[in-house]
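**Student:** Sequence and computational prediction follow.
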Amino acid sequence: MLRLQSVSYHPAAAARAILDRVDLDLAPQKLTLAIGPSGSGKSTLLEILSGLASPTSGQVMWRDQSLFPESLQQLAGLVFQFPERHFCGATVLEELRLGHPEIQSEQLHSALHEVGLGHLSLNASPYQLSGGQQRRLALAVQLIRQPSILLLDEPTAGLDWSMRRQLAALLARLKQHWTLLVVTHDPSDLLDVADYCCNLQEGSLRFTGDRP
Ligand SMILES: Nc1ncnc2c1ncn2[C@@H]1O[C@H](COP(=O)(O)OP(=O)(O)OP(=O)(O)O)[C@@H](O)[C@H]1O
Ligand SMILES: [Mg+2]
């Protein structure tokens, strides 16, 4: 269980706190959906959880131990919004291997298989893939690192109806093994796969219904 305890984020440049005393528990093998409008702090929340930003106050706990951002970087895998814009490998193989030159081809294939891309040629260019395949590849890139927690920023943005449905089905499968947190302003395709839902408004997080 990863737990945020009264986490606030208020950089000096910001007039108000971007995250305001956020309490959040992420339960294993569950998908938590955080819904909020543009500017509510969704991406900032993921930056804190992935160790890219440090809380101004409050704690991030993992199994009752307080964590520093460096440990969170190991623990969490963050898939950015429009991850395909950050591809830098010339081939699928290069994209998967970036930062992990030692990786075994067995692990590559298992990550691709996990996201439904088992049939893909490792020599294909990431840019030739469909939008839905690119999102899956970005997920596979994170799965290779074997994070404990997967964080996804607006994973369905810019996908057509059928690709959004496919992505929701993939997330339903992935949550059997991973802890997932998805943030979005448009939850419609993801409500069915969510175990817990919360709303983020101007940096304040409130669970709707059950909480872990
Ligand atoms: N380092 C920073 N310094 C000052 N303000 C910041 C900083 N980072 C983010 N903000 C502000 O914090 C607020 C929340 O930003 P954030 O990107 O987390 O929102 P979001 O919910 O992801 O929005 P969107 O749906 O548009 O992606 C915004 O008003 C943004 O301008
Ligand atoms: Mg954002």
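**Tutor:** Good, I have the coordinates. Ligands and ions are numbered 1, 2, ... in the order given.

**Student:** The residue nearest in space to the middle of the chain pairs with what?
**Tutor:** With distances taken as CA atoms, centre = their mean, the residue of the chain nearest its centroid is Leu151 (1.6 Å). Using DSSP bridges, the bridge partners assigned to Leu151 are Leu78, Leu181.

**Student:** Who are the contact partners of it?
**Tutor:** Leu46, Leu49, Ser50, Ala76, Gly77, Leu78, Val79, Leu180, Leu181, Val183 (CB atoms under 8 Å, 6 or more residues apart in numbering). (Each C-beta comes from the backbone N, C-alpha and C, glycine too.)

**Student:** same deal with Glu202?
**Tutor:** Per CB under 8 Å, 6+ apart, neighbours of Glu202: Arg16, Asp20, Ser40, Gly41.

**Student:** Of those residues, which pair is most distant in space?
**Tutor:** Across those, the longest distance by CB to CB is 12.1 Å; it joins Arg16 and Ser40.

**Student:** shared neighbours of the two, which are they?
**Tutor:** In contact with both Arg16 and Ser40: Glu202, Gly203, using CB under 8 Å, 6+ apart.

**Student:** In terms of neighbours, single out the busier of the two.
**Tutor:** Ser40 (22 against 8; other CB atoms under 10 Å).

**Student:** do you know how far the residue sitting furthest away from the middle of the chain is from ligand 1?
**Tutor:** Distance from the C-alpha centroid of the chain, by CA atoms, centre = their mean, peaks at Ala15 (27.4 Å). Using CB to the nearest ligand atom, to the nearest Å, one gets 8 Å for the distance from Ala15 to ligand 1.

**Student:** secondary structure element for that residue?
**Tutor:** Assigned by DSSP states H and E, Ala15 falls within no helix or strand.

**Student:** This protein: helices as residue ranges?
**Tutor:** 42-49, 69-75, 92-97, 105-114, 131-144, 161-174 (DSSP state H).

**Student:** Roughly how far does Asp160 sit from Asn123?
**Tutor:** Asp160 sits 27 Å away from Asn123, going by CB to CB, to the nearest Å.

**Student:** And the residue of this protein that's closest to ligand 2?
**Tutor:** Here the chain gets closest to ligand 2 at one residue, Ser43, 3.2 Å apart by CB to the ion.

**Student:** ok now do that residue, which residues does it touch?
**Tutor:** Gln81, Asp153, Val183.

**Student:** The last one and Leu150 touch, don't they?
**Tutor:** No. In this structure Val183 lies outside contact range of Leu150 using CB atoms under 8 Å: 12.0 Å.
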